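1. sequence and predicted structure, then a few things I'm wondering about:
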Amino acid sequence: HFRGRRLKGTPKQLPEGYQGLLLKPCGGAKHGSSSSSDTQQRSWQALHSFQQMTVWNHDIVPAASDWHMRCLDFLALADKVHAPIDASQVEQELHRMQQQQ
């Protein structure tokens, strides 16, 4: 329970090629510093890495359609959209599209 409400969670694997990191600030800018944040350099130290995380929801198990579940799926989609392609792949796709017409 969290603040009197039941929590239910489901494990979610991170997409291929990604890993989660637990970070802590180290060195660099200090809280309450009077310098502009544009000129400050922050440093982080990785304390732990993970390939799976638990997504939590109040009272019900998170569904595949919940936004926080879909966010992780978007990473895999973005990799596909932005993956480099060569000219032969373009030619193959154009040929396939012409055959469908």
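-> That came in fine, so what should we check first?

2. can we go C-alpha only for contacts and neighbour counts from here?
-> Fine.

3. ranges for the strands of this structure?
-> For the chain, strands defined by DSSP state E occupy the ranges 7-13, 20-25, 44-50, 52-58.

4. just how off-centre is the lowest-mean-pLDDT helix or strand in the chain within its chain?
-> Least confident helix or strand of the chain, by mean pLDDT, DSSP states H and E, is helix 67-81 with a mean of 85. Mean-position distance between helix 67-81 and its chain equals 7 Å (Cα atoms, centre = their mean, to the nearest Å).

5. what helices and strands are in contact with it?
-> Counting contacts by 3 or more Cα pairs under 8 Å, 6 or more residues apart in numbering; DSSP states H and E, helix 67-81 is packed against no other helix or strand.

6. residues making contact with that helix?
-> Lys12, Leu14, Pro15, Glu16, Val55, Pro62, Ala63, Ala64 (Cα atoms under 8 Å, 6 or more residues apart in numbering).

7. show me what counts as buried in that helix.
-> Residues of helix 67-81 classed as buried: Met69, Asp73, Leu75 (neighbour count, 16 or more other Cα atoms under 10 Å).
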